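Student: return atomic coordinates for the entry below.
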Amino acid sequence: MPQPKMVKVKVLRGCVAAGNVVKPNQVVELPEEDAAILIAYNKATKDLKVEVPEVKKEAKKDEKKEK
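Tutor: The predicted structure is shown next:
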């Protein structure tokens, strides 16, 4: 069986890729088909220079209290 072409992508949102949990801003090397799926779902990008801002959990708690 031929080796799949590997592509580096930067994860935008936490997800599972190639059986591993990946976090935002993490760069991973995936088979081209898997990378295309994550890019289609806006969970990853081929642009490795993109920075994803971190969301602090405390901010979410404060928003719930105000409502």
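Student: dump the residue contacts of the residue lying closest to N25 once chain neighbours are set aside.
Tutor: In space, N25 comes closest to V52 once its chain neighbours are excluded; the distance is 5.1 Å by C-beta to C-beta, 6 or more residues apart in numbering. Quick note: C-beta positions are derived from backbone N, CA and C, even for glycine. Remark: with contacts taken as C-beta atoms under 8 Å, 6 or more residues apart in numbering, V52 is in contact with 12-13, 24-25.
Student: ramachandran coordinates for A36?
Tutor: As for A36, its main-chain torsions (degrees, to the nearest 10) stand at phi -60, psi -40.
Student: cool, V9 as well?
Tutor: Dihedral pair for V9: phi -130, psi 160, per degrees, to the nearest 10.
Student: that one is in contact with I37, isn't it?
Tutor: No - applying C-beta atoms under 8 Å as the test, V9 and I37 come out as separate, 10.5 Å apart.
Student: let me see the contact set for K56.
Tutor: Under the criterion of C-beta under 8 Å, 6+ apart, K56 has no neighbours.
Student: mind listing what V9 touches?
Tutor: Under the criterion of C-beta under 8 Å, 6+ apart, the contact list for V9 reads 27-28, 30, 35, 38-39, 44-46, 48.
Student: so the residue most central in space within the chain versus P4, what's the distance?
Tutor: Computing the C-alpha centroid of the chain and ranking residues by C-alpha atoms, centre = their mean puts V11 first, at 2.3 Å. V11 sits 19 Å away from P4 when distances are taken as C-beta to C-beta, to the nearest Å.
Student: okay, K57: pLDDT?
Tutor: According to the model's per-residue confidence, K57 sits at a pLDDT of 68.
Student: what do you get for V28?
Tutor: So V28 comes in at 94 (pLDDT).
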